[in-house]
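Engineer: would you be able to build a 3D model of this:
(2 chains)
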2 protein chains.
Amino acid sequence: MFSFRAALVLVCLSFSVKAQERLYQYVDPMIGSEGLGRVFIGPSCPFGMIKPSPDCTSGPNSGWLPSPVPVTGFGQVHVSGTGGGPKYGNILIMPYSSPAPDKSSLREHETATLGYYSVDLKKDGIKAEITTAEKVSFYRFTYQQQKSLQIDAGFFLGEQPVPDAREAQQFVGSEIEVVSDTEVRGYSRIRGGWNNGPAYTVYFDAVFDQPVASVNTWKGKEVYAGKRVQFDSGEKTGALLTFKGGGDSLKVKVGISFISSLKAKENIAAEIPGWSFEKVVDEVRAKWEHLFERVVIDSSSTIDQKKLFYTALYHTMLMPVDRTGENPLWNDRPYYDDFYAIWDTYRSSNPLITLISPAREVEIVNALLNIYKRDGFMPDARSGNANGRTQGGSNAEVLIADAFVKGLKGIDYSVGLEAMLQDANVPPGGNEEKEGRGGLTDYNKLGYVSYSFARSGNRTLDYAYDDYCIATVAKGLNKTAVYDRFIKQSGNWKNLWRDDYTDHGAKGFIMPKDAAGKWLDTIPYGTAKNQHPTFVYGPLSREFPWYVCHWCAFFYEATSWEYSLSIPHEVPALIEKSGGPDAFRRRLDTLFTRRFYNVANEPSFLTPCLYHWIGRPDLSSERIREIISGNYNTSHFGLPGNDDSGAMSSWLAFHMMGLYPNAGQSYYLLNAPLLKSVTLHQENGKDFIIIAKDLSAQNRFVKSVTLNGRKLDQAWIEHADIVKGGELIFEMDVKPSAWGTTVLPPKN
Amino acid sequence: MFSFRAALVLVCLSFSVKAQERLYQYVDPMIGSEGLGRVFIGPSCPFGMIKPSPDCTSGPNSGWLPSPVPVTGFGQVHVSGTGGGPKYGNILIMPYSSPAPDKSSLREHETATLGYYSVDLKKDGIKAEITTAEKVSFYRFTYQQQKSLQIDAGFFLGEQPVPDAREAQQFVGSEIEVVSDTEVRGYSRIRGGWNNGPAYTVYFDAVFDQPVASVNTWKGKEVYAGKRVQFDSGEKTGALLTFKGGGDSLKVKVGISFISSLKAKENIAAEIPGWSFEKVVDEVRAKWEHLFERVVIDSSSTIDQKKLFYTALYHTMLMPVDRTGENPLWNDRPYYDDFYAIWDTYRSSNPLITLISPAREVEIVNALLNIYKRDGFMPDARSGNANGRTQGGSNAEVLIADAFVKGLKGIDYSVGLEAMLQDANVPPGGNEEKEGRGGLTDYNKLGYVSYSFARSGNRTLDYAYDDYCIATVAKGLNKTAVYDRFIKQSGNWKNLWRDDYTDHGAKGFIMPKDAAGKWLDTIPYGTAKNQHPTFVYGPLSREFPWYVCHWCAFFYEATSWEYSLSIPHEVPALIEKSGGPDAFRRRLDTLFTRRFYNVANEPSFLTPCLYHWIGRPDLSSERIREIISGNYNTSHFGLPGNDDSGAMSSWLAFHMMGLYPNAGQSYYLLNAPLLKSVTLHQENGKDFIIIAKDLSAQNRFVKSVTLNGRKLDQAWIEHADIVKGGELIFEMDVKPSAWGTTVLPPKN
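Structural biologist: Modelled structure (predicted):
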């Protein structure tokens, strides 16, 4: 018996040794934290519900801002990489020693590593450290003097002096109750914010490792000495707690729940029963390590490469968040929230999750189907338990098709088809910001969305691709009539393709059209009766006049130069419409050299790879290298745009591996890898290894490729090739080769 | 100082003596409790948020059912007079003495008076008494043996074995916490029900006048001895409490809140700080009495007349419920919920509230505008903090127009117009059950709702009248363009008027039409590909084949015979289209004598008065008397249909006074009163007195009418006539007179 156990220990040790590679150490949560990236910098579990972070004023989307902006406190809920109005920032706690708490404190020695954050708050010389479990934050505050703690149940991000500003969160109510000398409960109820959603409630339970010595609470502007309860009367509430002694540490666990504060208390009991801070740090790191170990890159990679790669994986798995068992609206499982937005994530974030953890992607897709079942529509975006701020199409369709073509098990695809058809058939009416397809009546009647609807350009294009995804699933389920209708509709992008329009030598652009079929060179805005102002629209128009709403543009966050190339299911037709391969190459070259391409915007994510379809994967690879070297790095400014729930990051991670998915379709385009090797230890137990032989700064071109020893002329592989395990070997060379020049990627 | 206070006491006494008439004693909450009436029978404040009542199984809408059905317990939230799926029934408490609680108990000596309910539970010989404040129920249980109490946080009305049955409530979560020996908190979270709404939460705080001696709680099917907390894990929870001693009484206050259980606790402190049961009974009665005193009927009226009249007023003021300060979604004030539905209440319930308490109607209208502001649309129906189960049009328009033409102050009518235009301009898309105007795209394009939409008949008619209401307000606000559009649209009913259709001698009916303009004698149902069943539609078709959904009929709950006469803004045009006055009289006679008229359905509420427009108010009065004597009485079966939030009752009350409003318009039609006098002590301090001189069984016809001494040839008066105070005297006679035969009521 003893020897058997010794053997077991040995096995565990060897596993543990392997884990000692500590891939998580390459994650730098600060990459992309400044500039446009806006990533969340605090500790978080993969897809973790709680995301504690310093909030630096109530302004920024992620909570955090660089020094010298002071720290206002530590809120429990945040999102990562987002644009638009802020959301969350609830249940702010702040240690202090002065007689009264400051509204903020300057900081130094700020440190953020995976699963751990620490900072010194200068005013009172307090060291604050944070780690986290799935639904519980763990704080260790080390004081030099008196140990006081403020718990602010009224704080939230994005508070504005103007009531009801668009996309700004609005206070609804809050409550606080000191239930014992070591426990405080309460909640924060907030409406609005980015998705203009209805009220959500973040309940909390905070427990301390030592008893409270004195309690004050506040309601509105008044502090009540000794009062332990402030019920919700529609005002902001909070507590000021002072503990015995001083100069030592105070540990605080803050459990949250979207259900109740007793559930928050239970979450603490379930996740962090003890008081070891280090144990919790180890646990959150182990969770990430378990995921990172599935994608092991060549050990000879540079530190920067390792940092870029594993931080990219990390960013991709921060959201959506797993709120299974935490939904106040229904209790179907699983439940995920903070889809932010699928328009941003379907192209690369979700495919990367599928590669690392198909089981997780199955959960995410099933969460979408539960949302459809209960709310009537799948979200394009969702936060605070409510669908909303649809950006483009009903792009959940792509996630379902992507899961379907990649053979993910455990999804009822007939329900998936039903949910997709809901999007395609039922107009959302006045709720088009919230759900479904705005302008659907036009689209289904005219075959395009007319300019009378906002974002009619990208809506038409998104719907056409979403329809392609419906057709894909319908075909697979043998629903011929559905397939016939939607494969036809998937060509609707052509209805806004203006053949005779040329710009900078490129021919044909997606352009605005009215319901009567008239092209609009100048487009109207404003609704005044006596004035009819117009705006000249061209393929490079990105921003409309300042008084035209951001959402009302022809293309959401993009130009026609960008979006006219975003036809992921009919690239050959696009090439033909652009005047053939040569013209198309010139068009792409113009796009990149004239900087019409926008790396920071998701509709352009596939564009560098379009050279594949004219037999020039070498050019795709060259563009990708240029983009990465010019836009990505390991600094705080290392992401070129809003990370958008890992969109920017996952795009990078795929290209470092030499793979790029065309989401909703079953293949990956192959590019020259940036890493010498990548080993995918898949969830199914099978390894898929990508090797770039002789890769160097000079040897950056693909000479030839073999898949499991067989020569591969084509510059793409199937998802199934990966799933069954194997070896993909790139021979690298100093110059381009004939590889990928003759067998072009799938038509669709 | 002393003498001054003595004088004050005298004033109070004299007021108190006057109050001693005790009009509330004529209220019999059991009228309409059996059969179709479905009224709530427990104690309630006017528009009171809490409505405690015995729940007799989980089936009935009002909770109560007649013996021998046993009592399951006492739930805290109910609605009154409703059809469709049940809603609420939350937080069930049940006293018991046996070792374990029964699931139900047989009863005897059931008593329900205004503000008070009592019953003897046979099994354990426990007497249960209930009274109530606005948000707090007060129970007194008198035991013969051991004092035990079950608190069931998982109970709700309408639970069905089939998950997700339409309009059936569904369990989401519940929680229970015994916070001290005299206090239990928790909540019940339920979704669905009548309006298929999202989850709502009823929080509660229950306090006892004596300490608990032993505590058990349950979760799901398991009972946990001594466990004081069951957090929400998506299962049903509850508590079993036993108190010391036996054979005496236990008092329980149950505060509820839609915000939090601490707010529920605060509601107890604010409303019922003490333990005097009698004091609370007195207070709820005083609140009602204060309202009843505004409408004092002749003291010589029969007991039955008094009972019918004051019970009708009572029923009219049970709902909607005042939830100001109790909205979990936003905190704009005022807030009312349980509009059930405005399609039912706009015709008579709301006009009666306007007459008794215009300040209350102002609050109700402002609540609708707040709902518009926050939810995007005013409700036609709302419950559990969510719009939904729109029955007909967007009839909140009528409430706004009614308030406007009656000069109610304190409403921003420009916001009102904006809210109405939202209904008229923004299609609700897939949310047509929830909000706005289903089929609006058809209506705005074709001028009618085509048969491809459910309820296209009454939708077209309702929208046309709603448009008339928009035109009314637009005109008053000098919005000429808006007026022009909507006064034109108000004639849209004509687009479904089929001139050549005759039935039982009547010419012209509202009939189904398709989008191409083709009349449908047979109408299609079902969507099977290979079958195209049809159904012959005639003006008497009420029920469609059983497999066609209730909501999908051409007219909601009515026939074309009924609805074709429901054109409240263009009666003269209707008469002309029906072939002139003689033909119209024959048509009305046929309707009543052939029993095509349905007293239990709101679209027919104005119909008996239509004789006014052919100069025969005597015939209107005759029909009204027939209807009342044949359908209304003081028994449990005394209401002819679902009371629908006081709709049936208010119709009766108006006709007993000799007045009938045409809601949305400024006048009241005059009919032969059923009461010798009615004195309206108006909120503005001015009295308006209605006297029916020489009224008797024989003298039931109006000979002549004077208003403030001036002879009135017309059979209608203006709301302004009432507001300024005065005297309306009917001279009654044995036969009809020329009164009302020449000056016809307003065209519109």
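Engineer: residues contacting residue A:79?
Structural biologist: By CB atoms under 8 Å, 6 or more residues apart in numbering or on different chains, the contact set of residue A:79 is A:40, A:51, A:61-62, A:87-88, A:319, A:338, A:340, A:383, A:645. Just so you know, the C-beta spots here come from the backbone N, C-alpha and C atoms, and that holds for glycine as well.
Engineer: how does it look with 6 Å?
Structural biologist: Residues in contact with residue A:79 (CB atoms under 6 Å, 6 or more residues apart in numbering or on different chains) are A:87, A:338, A:340.
Engineer: you'd agree residue A:499 is up against residue A:508?
Structural biologist: Yes. Using CB atoms under 6 Å, residue A:499 and residue A:508 qualify as a contacting pair, with a distance of 5.2 Å.
Engineer: the more surrounded of these two?
Structural biologist: residue A:508 (22 against 12; other CB atoms under 10 Å in any protein chain shown).
Engineer: and the pLDDT for that one?
Structural biologist: At residue A:508, the model reports a pLDDT of 97.
Engineer: so is residue A:217 in a helix, a strand, or just coil?
Structural biologist: With DSSP: H, G, I helix; E, B strand; the rest coil as the basis, residue A:217 sits in strand.
Engineer: that one contacts residue A:223, doesn't it?
Structural biologist: No. The pair residue A:217 and residue A:223 fails to qualify as a contact (CB under 6 Å) at a distance of 7.4 Å.
Engineer: got the contact list for whichever residue of the stretch 251-400 of chain A sits closest to chain B?
Structural biologist: Using CB to the nearest CB, the single residue of the stretch 251-400 of chain A nearest to chain B is residue A:262, 3.8 Å away. Contacts of residue A:262 were listed using CB under 6 Å, 6+ apart, and they are B:175, B:231.
Engineer: distance check, it against residue B:187.
Structural biologist: Shown here: residue A:262 relative to residue B:187, a distance of 10 Å by CB to CB, to the nearest Å.
Engineer: anything in contact with each of these two?
Structural biologist: In terms of CB under 6 Å, 6+ apart, residue A:262 and residue B:187 are both contacted by the residues residue B:175.
Engineer: flag every residue of chain A that's near chain B.
Structural biologist: If contacts are counted using CB under 6 Å from any CB of the partner chain, the residues of chain A sitting beside chain B are A:172, A:175, A:198-199, A:231-232, A:234, A:259-260, A:262-263, A:266, A:329, A:331, A:426-431.
Engineer: just checking, which of those belong to helices?
Structural biologist: Mapping the residues of chain A next to chain B onto helices (DSSP state H) picks out A:262-263, A:266.
Engineer: follow-up on the earlier one: who wins for most neighbours among the contacts of residue A:79?
Structural biologist: The residue in these with the most neighbours, by other CB under 10 Å, is residue A:340 (32 neighbours).
Engineer: name the SS class of the closest residue in space to that one that isn't next to it in sequence, please.
Structural biologist: Using CB to CB, 6 or more residues apart in numbering or on different chains and skipping the chain neighbours, the partner closest in space to residue A:340 is residue A:645 (4.7 Å). Following three-state DSSP, we place residue A:645 in the coil state.
Engineer: just the pLDDT at residue A:645, thanks.
Structural biologist: 96.
Engineer: how about it, what does it touch?
Structural biologist: Neighbouring residues of residue A:645 by CB under 6 Å, 6+ apart: A:81, A:319, A:340, A:345, A:349.
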